[in-house]
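Novice: Below are the sequence and a predicted model for it; my questions follow.
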Amino acid sequence: MDLQLQGKTALVTGSTLGIGKALAARLFREGAKVIVTGRSQGSVERTVTELRALDPRRDPRDIRGIAADLGTAEGTEAALRILADGPKIDILVNNVGYFEFKPFPEVTDADWLSMWELNVMSGIRLTRAILPGMLERNSGRVIFVSSEVALKPYPEMIHYSVTKTAQVSLARGLAELTKGTQVTVNSVIVGPTQTEGVDTFLEKIAAGVGKTLEEVKNGFFRPEMNGASLLQRFATAEEIADVIAFLSSPLSAAINGAAQRADGGLVRVI
């Protein structure tokens, strides 16, 4: 299927690893020009080099990167200044974020604010700057990468769950501003996905309980854990990227203001 992304410019935040990197690769293969972001210059440069290698015939300027800390207003403003000198953004994917398991009484104000700044405020700041241009041009896609915990908060990661719920609400509210236009704003409810961050987390659990990583992964979908999953395995980053790529496409014009589920059937709602 041709997603009709040839020549479109996409900004994918948090795209040096995991879902973001897989999505950047998918969009690039579809003919889009892609801007990746990460905190360190080294990781950004490595990712740009890897993605350019996917199609050496393409203009090297079709894939570029920005190193910035989007968890701060200053970092986001620095990124926006760089973006101002380039092409208009047709697709904005607010993917950057982090998670952690921590008992609620131990989650400090600093923990709450740090996670809120990166997971929520980065998307607010970027969308506030980019969405008006999309509305003026009557064309564009904004996507927030959320999680199943937005609908079923985990008590061991309440602060993360709250940020993911906020993204869903934010996307729906912003979609109301697009009424009657060719611009859409959606969120994606992502289920358990195998990424570098998840593997690192599960390796720590495995070491603590004297099990292998594979044993912990297999046990992740026990009935008392995530037994409701119909997939009964971790999704791959590429599988999630495929869903987001479709939402980035002109072919998804009828989907707006939606919380698109890519949770493997984990959330038991109609």
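Specialist: Ah, there it is.

Novice: any idea how far residue 92 lies from residue 11?
Specialist: For residue 92, the distance to residue 11 (Cβ to Cβ, to the nearest Å) stands at 5 Å. All C-beta spots, glycine's among them, are computed from the backbone N, C-alpha and C.

Novice: Residues that sit against both of these two, list them.
Specialist: 126, 130 (Cβ atoms under 8 Å, 6 or more residues apart in numbering).

Novice: so where's this structure shaky on pLDDT?
Specialist: Scanning the chain for pLDDT under 70 picks out the ranges 224-225, 227.

Novice: Do a quick rundown of the helices in it.
Specialist: Using DSSP state H, the helices of the chain run over 18-29, 41-52, 73-83, 109-116, 122-137, 158-175, 196-209, 213-219, 223-226, 237-247.

Novice: Mind checking these for the one nearest to residue 101?
Specialist: helix 196-209 (7.5 Å; Cβ to Cβ).

Novice: burial measure for residue 269, as a count.
Specialist: By other Cβ atoms under 10 Å, 6 other residues sit near residue 269.

Novice: hey, which of the helices of the chain is tucked in deepest?
Specialist: helix 18-29 (a mean of 25; mean count of other Cβ atoms under 10 Å).

Novice: and it with helix 196-209, angle?
Specialist: In terms of direction (axes from the mean of the first three to the mean of the last three Cα atoms, to 10 degrees), helix 18-29 departs from helix 196-209 by 150 degrees.

Novice: ok so, going back, make TSV from the helices of the chain and add distance to residue 65 to it.
Specialist: Shown next, in TSV, are the helices of the chain (distance: least, Cβ to Cβ, whole Å):
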stretch	distance to residue 65
helix 18-29	9
helix 41-52	4
helix 73-83	10
helix 109-116	24
helix 122-137	15
helix 158-175	24
helix 196-209	18
helix 213-219	30
helix 223-226	34
helix 237-247	18
